[in-house]
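Engineer: below are the sequence and a predicted model for it; my questions follow.
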Amino acid sequence: MSFQDILTNDIFNLIVEKCDIKTINLLYNTNIVLNKIINKSIIEKKIKEYFPIYLHKFIDFNKFILNAVNLDLGDKIGFTGYIDFISKKNFINDDYKTNILFGFDCTNRFFISILYDVFSIDNKKIKENKIVTFFQRYSDNKYSYVSCQNTLIYDSNVQTHNFANTCKFGDQYIVLFELLNNGFSLYDNKTYRLSKFI
């Protein structure tokens, strides 16, 4: 192993150990030298650290998730107690553009938000830039999730799922994981797609 390889390996390990995902993405996207050192495996490793382990088997951690942004909510919470205040400016702003956000709220509940569009069977856009947020419903029960703001396929605003009890999902969660893993999902003669602007 050459001195350059050792140095590169040391920098790689230091970045993994010391930097958060936002800093790693910034370094990867803005520095030509570090871009060669920071490969997608570092970003994948750091994102996996954020995502609860029980969700790993449902998520491919591919290009869609690797472009996700960790959103720091600080102490902010909706008046309903839900994470129902995420807006388009959280996805698209001067610092970044993404269609997937994730993080933890002030009570340490994990959430993931998606910006998506819906198309008819003849490829006409039905809904544009819709936002749905899935999050851990209770701070003392890490397996129970609920959706808010919108739902992917239902008229109601909430669909819950307990990841501890079953791997058989309701249709909304099937569409969620297909969006995260494939960027699109076909359901009920409609196509759901992550919004495209990046």
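Structural biologist: Yep, that arrived.
Engineer: break this structure down into its structural domains.
Structural biologist: 1-50, 52-194 (automatic domain parsing).
Engineer: any idea how far apart the tips of the longest one sit?
Structural biologist: The first and last residues of domain 52-194 sit 22 Å apart, counting by CA to CA, to the nearest Å.
Engineer: one step back: deepest of the domains of the chain, which one?
Structural biologist: domain 52-194 (a mean of 16; mean count of other CB atoms under 10 Å). Bear in mind the C-beta positions are built from the backbone N, C-alpha and C, glycine included.
Engineer: okay, the domains of the chain in CSV with mean pLDDT next?
Structural biologist: Listed next are the domains of the chain as CSV, based on pLDDT from 0 to 100:
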stretch, mean pLDDT
domain 1-50, 64
domain 52-194, 83
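Engineer: mind giving me the packing neighbours of whichever strand in the chain runs longest?
Structural biologist: Looking across the chain with DSSP state E, the single longest strand is strand 125-138. Counting by 3 or more CB pairs under 8 Å, 6 or more residues apart in numbering; DSSP states H and E, the packing neighbours recorded for strand 125-138 are helix 88-91, strand 110-119, strand 141-148.
Engineer: what strands line up against it, and which way round?
Structural biologist: Under the criterion DSSP bridges, strand 125-138 sits next to strand 110-119 (antiparallel), strand 141-148 (antiparallel) in its sheet.
Engineer: just the CA atoms of the helix or strand hosting Glu178, as PDB, please.
Structural biologist: Using DSSP states H and E, the element containing Glu178 is helix 171-182. Provided in PDB are the C-alpha atoms of helix 171-182 (Å, rounded to 0.1, in the frame of the first residue of the first chain):
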ATOM      1  CA  ASP A 171     -50.900   0.000   0.400                       C
ATOM      2  CA  GLN A 172     -49.600   3.400   1.400                       C
ATOM      3  CA  TYR A 173     -46.400   1.900   2.900                       C
ATOM      4  CA  ILE A 174     -45.900  -0.300  -0.200                       C
ATOM      5  CA  VAL A 175     -46.000   2.900  -2.300                       C
ATOM      6  CA  LEU A 176     -43.700   4.700   0.200                       C
ATOM      7  CA  PHE A 177     -41.000   2.000   0.000                       C
ATOM      8  CA  GLU A 178     -41.300   1.800  -3.800                       C
ATOM      9  CA  LEU A 179     -40.800   5.600  -4.000                       C
ATOM     10  CA  LEU A 180     -37.700   5.400  -1.700                       C
ATOM     11  CA  ASN A 181     -36.200   2.500  -3.600                       C
ATOM     12  CA  ASN A 182     -37.300   3.100  -7.200                       C
END
